[in-house]
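A.B. asks: Structure here, sequence nowhere to be found:
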């Protein structure tokens, strides 16, 4: 295990080095790993209490009444789950990914293990860094958010959501890893379903949380590299799938 | 690695279960691991700016002017490094451990991997949980502190300090691991030397930091189990030792 983690540390160091030469590219490969450069977006619809009703989330593929700008008439339809914009779109869960790609231009990456390289960490809160990750036959949404829970003290929150139902999400484990300056921080958890609303996951603090000082220790030249891996958490995960 | 971490998770679950039956004991064994029950102590000398001068720490075995209640006249002597009490004691680095044991009654545990079980996590800040850990021929001080960096928002800070010089500390890596409720958080770093002052390490945030909500997710019945492991970070660590 020590060997594995040391190798992973060396990979993240290489990525920081190689990024200096590939700043113009959004996706490149370093030490055999796919690296996605993710630029920040100033969140246009951030409101801490927007998802107070998210607790009522069910496993029926219906989003709780989180988007107050509209009422979902058809229980088979879900509103747009993009954390960045208030969007009137609604559609079936199966087409959420194509809506996020086409309308909100969120990048999608393939691969079991990728590196998410968030740039411009110094920008003021609220700011989001978002990509989609396609892996093990499913799509996941990775959200890194800079937010001031305590006024004047921004923190970074990182979580991974499955673009699927909570039952499907229970079949996976995601890992986020930071590695720099002889320090390593690793968070592993079951992804939450996109139907549960990313805002409530972050406001509950049930994710990787970094103070500004720790984020600076793990950053290089204003960029933060997060290693991402997704595994199936059950041996017979296909049996539990809907 | 997945197998190892899953086993470790099961061990921490067993510890929580077994703790219900061993509440009266301070040290017990569960699933082959030594568990130390650590009760909280309300810090009597906490002051955030006490160690502002700690940056001047050197590798000469001399504590920076951190304890203002006295002046260290003999450069071979170090003041008491106990994070809990203002103590007028001073002595050689080699006898700090016996002073901490005898005068401040800080427990010491042997073993490469132990579990630190901090009780009564609900107690108000500032509160400390402290033990010493004897391993690989050296002694380490583990400090878990509940502190309000932002008023009204207590956080938990955990770090490991070598009772030795910074040069000696560079030869080791320590790991703190939390594992509960399908979540795992792991922090790895080089221990800091006790000469650098634990207060400055915590105020810099260069340690494992937990918000109250995350601490609750990892706690069981008000107790937090932290798995601790220490390894040598250099193959020929003995060569670099003083």
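C.D. replies: Thanks, I have the structure now. Source: prediction; values computed, not measured.
A.B. asks: Look at residue A:177 and say how many residues are nearby.
C.D. replies: Using other Cβ atoms under 10 Å in any protein chain shown, the number of residues around residue A:177 comes to 22. Yep, even glycine has a C-beta here, placed from its N, CA and C like the rest.
A.B. asks: wait, doesn't it sit right on residue A:226?
C.D. replies: Yes. Between residue A:177 and residue A:226 there is a contact under Cβ atoms under 8 Å: 7.0 Å.
A.B. asks: Quick check: residues of chain A near chain B?
C.D. replies: By Cβ under 8 Å from any Cβ of the partner chain, the residues of chain A that approach chain B are A:1-2, A:4-5, A:149-150, A:153, A:173, A:182-190, A:204-206, A:209, A:211-214, A:217, A:231, A:233.
A.B. asks: Please repeat the previous calculation with a cut-off of 6 Å.
C.D. replies: By Cβ under 6 Å from any Cβ of the partner chain, the part of chain A that sits against chain B consists of A:1, A:4, A:150, A:153, A:182-190, A:205, A:209, A:211, A:213-214.
A.B. asks: Narrow these to those that are buried.
C.D. replies: With neighbours counted by 16 or more other Cβ atoms under 10 Å in any protein chain shown, those contain buried members at A:183-190, A:205, A:209, A:211, A:214.
A.B. asks: need these in CSV with distance to residue B:159 and pLDDT, can you?
C.D. replies: Shown next, in CSV, are those (distance: Cβ to Cβ, whole Å; pLDDT from 0 to 100):
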residue, distance to residue B:159, pLDDT
A:183, 11, 96
A:184, 14, 97
A:185, 13, 98
A:186, 17, 98
A:187, 18, 98
A:188, 22, 97
A:189, 23, 97
A:190, 28, 96
A:205, 21, 88
A:209, 17, 94
A:211, 14, 89
A:214, 12, 91
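A.B. asks: So which of these belong to strands?
C.D. replies: Secondary structure from DSSP state E places A:183-189, A:209, A:211 of these in strands.
A.B. asks: Reformat these into a markdown table and put distance to residue A:162 next to each item.
C.D. replies: Output for those, formatted as a markdown table (distance: Cβ to Cβ, whole Å):
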| residue | distance to residue A:162 |
| --- | --- |
| A:183 | 29 |
| A:184 | 26 |
| A:185 | 23 |
| A:186 | 20 |
| A:187 | 16 |
| A:188 | 15 |
| A:189 | 12 |
| A:209 | 20 |
| A:211 | 27 |
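A.B. asks: any idea which of those residues is closest to residue B:90?
C.D. replies: Nearest to residue B:90 among those is residue A:183, at 32.1 Å by Cβ to Cβ.
A.B. asks: hey, what's the residue nearest to the closest one when sequence neighbours are not counted bridged with?
C.D. replies: Excluding the flanking residues, the one nearest residue A:183 by Cβ to Cβ, 6 or more residues apart in numbering or on different chains is residue B:189, at 4.6 Å. With DSSP bridges as the criterion, residue B:189 is bridged to residue A:183, residue B:174.
A.B. asks: Next, the residue nearest the centre of chain A: secondary structure please.
C.D. replies: For chain A, the residue sitting closest to the mean C-alpha position, by Cα atoms, centre = their mean, is residue A:142 at 1.4 Å. The three-state label given to residue A:142 by DSSP: H, G, I helix; E, B strand; the rest coil is strand.
A.B. asks: Distance check, it against residue B:199.
C.D. replies: As judged by Cβ to Cβ, to the nearest Å, residue A:142 and residue B:199 stand 36 Å apart.
A.B. asks: for residue A:103, same thing?
C.D. replies: Here residue A:103 is placed at a distance of 51 Å from residue B:199 (Cβ to Cβ).
A.B. asks: repeat for residue A:138
C.D. replies: For residue A:138, the distance to residue B:199 - Cβ to Cβ - is 46 Å.
A.B. asks: Tell me who's in contact with the nearest residue to residue A:211 once chain neighbours are set aside.
C.D. replies: Spatial nearest neighbour of residue A:211, excluding adjacent residues (Cβ to Cβ, 6+ apart): residue B:205 at 4.8 Å. Taking Cβ atoms under 6 Å, 6 or more residues apart in numbering or on different chains, we find residue B:205 in contact with A:211, A:213-214.
A.B. asks: Closest one to chain B out of those, please.
C.D. replies: If you rank the contacts of residue B:205 by distance to chain B using Cβ to the nearest Cβ, residue A:213 comes first, at 3.8 Å.
A.B. asks: Excluding chain neighbours, give the residue nearest to the closest one in space.
C.D. replies: Spatial nearest neighbour of residue A:213, chain neighbours left out: residue B:205 (3.8 Å); criterion: Cβ to Cβ, 6+ apart.
A.B. asks: Now residue A:115: closest residue in space, sequence neighbours ignored.
C.D. replies: Closest residue to residue A:115 apart from its sequence neighbours, by Cβ to Cβ, 6+ apart: residue A:35 at 4.4 Å.
A.B. asks: ugh, wrong one, I meant residue A:140
C.D. replies: residue A:133 (4.5 Å).
A.B. asks: Is the residue nearest to residue A:115 part of a helix or strand, or is it coil?
C.D. replies: The assignment at residue A:35 comes out as strand when based on three-state DSSP.
A.B. asks: Find me the pLDDT at it, would you?
C.D. replies: Looking at residue A:35, its pLDDT stands at 81.
A.B. asks: Repeat that for the one 5 residues further on.
C.D. replies: If you check residue A:40, the pLDDT there is 83.
A.B. asks: Can you find the helix or strand in chain A with the smallest mean pLDDT?
C.D. replies: Sorting the helices and strands of chain A by mean pLDDT, DSSP states H and E puts helix A:237-240 at the bottom, at a mean of 42.
A.B. asks: hang on, the earlier thing: can you name the two of the buried ones among the residues of chain A next to chain B that are farthest apart?
C.D. replies: The span of those, defined through Cβ to Cβ, is set by A:183 and A:190 at 25.3 Å.
A.B. asks: and the gap between the residue nearest to residue A:213 and residue A:218?
C.D. replies: 12 Å.
A.B. asks: All set now, cheers.
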